[in-house]
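K.L.:
Pasting the sequence and the predicted coordinates here, then a few questions.
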Amino acid sequence: MNEFERTKALYHDLYRLDTKDGKVIASDFNLPNFVRKRAAYFINIEEISFLNMVNDILAYDETNIASQYSFIGDWLPTTKEFREWRDGLPVNGLEMLMASYLIYGKQYVDQGED
């Protein structure tokens, strides 16, 4: 899938929210399992704010963020696979996607194998 198609899919996932019985039904977010696992790790850390959680998951400034984790707990380094996925999509779209996933998609977190 080329960059345009990946970006188009990203925004499709963001804006394809439906409702049923008054509750939001989010898209499946089409996230690779390694992204879901990374999100699941940070979801369980209570000492960080929601916006910091989004930033920590995406870890654009990993060195700076990782140094702050000496006060919170263990830092989960990004993998090459994660960085390639993250860096191939627009920052603002990824931030919105991750925020939507954290709000609506926790039921999609899969701890299984990749």
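P.N.:
That came in fine, so what should we check first?
K.L.:
from here on, contacts and neighbour counts on C-alpha atoms
P.N.:
OK.
K.L.:
just the strands in this protein please.
P.N.:
Remark: strands assigned in the chain by DSSP state E are 18-20, 23-25.
K.L.:
quick one: the helices in the chain?
P.N.:
With DSSP state H as the definition, the chain shows helices at residue ranges 3-15, 33-43, 50-58, 62-68, 80-87, 91-104.
K.L.:
Excluding chain neighbours, what is closest to the most centrally placed residue in the chain?
P.N.:
Among the residues of the chain, the one closest to the centroid is Met98, at 3.7 Å (Cα atoms, centre = their mean). In space, and not counting its chain neighbours, Met98 is closest to Val54: 6.3 Å by Cα to Cα, 6 or more residues apart in numbering.
K.L.:
Let me see the contact set for that neighbour.
P.N.:
The contact partners of Val54, by Cα atoms under 8 Å, 6 or more residues apart in numbering, come to Glu95, Met98, Ala99.
K.L.:
measure the residue nearest to the first one when sequence neighbours are not counted to Asp87 for me?
P.N.:
Nearest residue to Glu95 in three dimensions, chain neighbours excluded: Val54, at 6.6 Å (Cα to Cα, 6+ apart). Counting by Cα to Cα, to the nearest Å, the separation of Val54 from Asp87 is 15 Å.
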